[in-house]
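**Q** All I have is the shape, not the residue letters:
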């Protein structure tokens with residue numbers, strides 16, 4: 001039979017060990033607190049009473065924001081706990097109460113951590129330019145969840161495309177307006193002599209410079225064609241004009 005000291009040591013080492021704990025020890029607050037501090041998701045194994053304990057739930061979401069989904073309904077309405085959860089993992093916003101999904105500071109904290117969390121926000125927050133800019137600065141594709149008005153806003157669309165060129169897919173600007181933004185990006189982020197291709201694909205970001213002119217051009221045109229060849233063909237042509245034979249390349 002397990003004793004308090006043995007179980008406490010075990011959950012401090014592995015929070016998920018709580019699932020194996022039987023009887024009163026699983027309801028012991030010190031043991032549960034140690035477990036969720038190590039592994040927030042261990043909150044799923046405790047009683048409804050302890051899922052409503054602020055200290056325990058706060059410890060759980062500080063370790064793993066998504067543990068908010070195991071908290072009591074009352075605590076999912078708690079501003080302090082929800083803010084802690086989304087600050088740890090923006091996707092925790094999905095488990096917040098509807099009222100809290102309309103609180104600016106909570107949504108802003110969530111999308112700053114995970115841009116895609118914008119999908120869970122209220123329509124009012126999806127229409128807030130400050131919130132949407134924070135979201136697309138973390139993930140350009142979060143533009144998909146912004147209000148229609150902001151998806152037609154050139155400043156917002158430009159910022160989204162700077163983070164991820166593929167965000168243009170979610171723009172509601174006209175073809176000509178989108179093309180103009182693409183051209184602006186190509187000029188601004190491909191200065192003569194030094195090319196940072198990774199502005200088009202943050203996943204490839206490594207801080208290095210492309211040293212071969214032809215390689216630069218090939219990468220740019222390849223990305224345009226993969227994204228949407230028909231839509232960006234003219235932009236690709238215009239971008240190509242920036243790279244003339246004999247251009248001095250980065251050393």
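**A** That came in fine, so what should we check first? The shown structure was predicted, so the numbers you read here are calculated from the model rather than taken from an experiment.

**Q** Let me see the contact set for residue 26.
**A** With contact set as Cβ atoms under 8 Å, 6 or more residues apart in numbering, residue 26 has these partners: 18, 32, 45, 46, 47. Where C-beta positions appear, they are placed from N, C-alpha and C, glycine not excepted.

**Q** could I get those residues as JSON lines with pLDDT and distance to residue 148?
**A** Output for the contacts of residue 26, formatted as JSON lines (pLDDT from 0 to 100; distance: Cβ to Cβ, whole Å):
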{"residue": "18", "pLDDT": "95", "distance to residue 148": "46"}
{"residue": "32", "pLDDT": "97", "distance to residue 148": "46"}
{"residue": "45", "pLDDT": "96", "distance to residue 148": "43"}
{"residue": "46", "pLDDT": "95", "distance to residue 148": "43"}
{"residue": "47", "pLDDT": "94", "distance to residue 148": "45"}
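
**Q** Ranking by neighbours, what's the top pick from the residues you listed?
**A** residue 32 (28 neighbours; other Cβ atoms under 10 Å).

**Q** Residue 56 reaches residue 36, doesn't it?
**A** Yes - judged on Cβ atoms under 8 Å, residue 56 makes contact with residue 36 at a distance of 5.9 Å.

**Q** just to revisit the earlier point, the contacts of residue 26 in helices, which ones?
**A** residue 32 (DSSP state H).

**Q** Looking at residue 56 and residue 36, which is more packed in?
**A** Taking neighbours as other Cβ under 10 Å, residue 56 and residue 36 compare with residue 36 leading, 32 against 23.

**Q** Read off the pLDDT value for that one.
**A** pLDDT for residue 36: 98.

**Q** Quick check: residue 36 vs residue 15, distance?
**A** Per Cβ to Cβ, to the nearest Å, residue 36 is found 6 Å from residue 15.

**Q** re the thing from before, with respect to residue 124, which of the contacts of residue 26 is nearest?
**A** Nearest to residue 124, judged by Cβ to Cβ, of those is residue 46 at 34.7 Å.

**Q** The closest residue to that closest one other than its chain neighbours: what's it in contact with?
**A** With sequence-adjacent residues excluded and distances taken as Cβ to Cβ, 6 or more residues apart in numbering, residue 46 is closest to residue 32, at 5.3 Å. If you count contacts by Cβ under 8 Å, 6+ apart, residue 32 has them with 18, 26, 42, 46, 50, 56.

**Q** What is the burial count for residue 39?
**A** 20.

**Q** Please name the nearest non-neighbouring residue to it.
**A** Of all residues not flanking residue 39 in the chain, residue 15 sits nearest, at 2.7 Å (Cβ to Cβ, 6+ apart).

**Q** Is the one you found in contact with residue 31, as I believe?
**A** No - the criterion here is Cβ under 8 Å, and residue 15 misses it with residue 31 at 10.4 Å.

**Q** what bits of this structure have low per-residue confidence?
**A** In the predicted model, the chain carries pLDDT under 70 at residues 1, 187-251.

**Q** Repeat the analysis, applying 50 as the threshold.
**A** Applying pLDDT under 50 to the chain flags residues 191-251.

**Q** Residue nearest the middle of it, spatially speaking?
**A** Taking Cα atoms, centre = their mean as the criterion, residue 114 is the residue nearest the geometric centre of the chain, at 2.1 Å.

**Q** Hmm, it is touching residue 137, no?
**A** No - when contacts are counted by Cβ under 8 Å, residue 114 is not listed as touching residue 137 (11.9 Å).

**Q** Need phi/psi at the residue nearest to residue 115 when sequence neighbours are not counted.
**A** Closest residue to residue 115 apart from its sequence neighbours, by Cβ to Cβ, 6+ apart: residue 139 at 3.1 Å. Phi and psi for residue 139, reported as degrees, to the nearest 10, are phi -150, psi 110.
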